[in-house]
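Undergrad: sequence below, structure please.
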Amino acid sequence: MAELFSAEFMSGFAERWNATPELSEELEKIEFNSTIGYGLIGEDRPRGVLVVENGKAVSGAAYADETLNWDIRAASKDWEKWMQKPPGMMGLGMAYTTRKLQFVVGDYGAMIKDPRMAGPFIKSFEVMSKS
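TA: Sure, this is the predicted structure:
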């Protein structure tokens, strides 16, 4: 497996995203466009970025100062745990409540209440674990 959130990792994540209808097709239905950063709690900037246009990942790369719609952070040990066993709705809720999963940019509460986004968000962890 490539180093977490490296350019290679993010590129593989983008490919798998597009190959997963529960992500790309579901988000296409709601015309989802977003630039999503992923990284570690306590660092100044995310490590990786995924650009999504109309539900499809158009790029996955190392973060290079893009303006983010979402910036999702966790400790390295938590990301590693989720790469081994992706969390479900309850696990993500607990991680958010206990601040193991943090949103530097973006509104987790609004997103998770919208089933059109919540399902794909949860699925993204499963897809990420295969990157």
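Undergrad: so which strand or helix has Pro120?
TA: With secondary structure defined by DSSP states H and E, Pro120 is part of helix 115-128.
Undergrad: before we move on, what about Gln102?
TA: Counting by DSSP H and E, Gln102 is found in strand 101-105.
Undergrad: got the CA coordinates for that strand in CSV?
TA: Provided in CSV are the C-alpha atoms of strand 101-105 (Å, rounded to 0.1, in the frame of the first residue of the first chain):
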residue,chain,number,x,y,z
LEU,A,101,-12.5,12.5,13.2
GLN,A,102,-12.4,16.3,12.7
PHE,A,103,-13.6,18.6,10.0
VAL,A,104,-11.3,21.6,9.7
VAL,A,105,-13.5,22.7,6.8
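Undergrad: just to revisit the earlier point, mind giving me the packing neighbours of the helix holding Pro120?
TA: helix 7-18, helix 21-29, helix 76-84, helix 89-97, helix 108-112 (3 or more Cβ pairs under 8 Å, 6 or more residues apart in numbering; DSSP states H and E). C-beta: built from backbone N, CA, C; applies to glycine.
Undergrad: give me the buried positions along that helix.
TA: Met117, Pro120, Phe121, Ile122, Lys123, Ser124, Phe125, Glu126, Val127, Met128 (16 or more other Cβ atoms under 10 Å).
Undergrad: all set, thanks.
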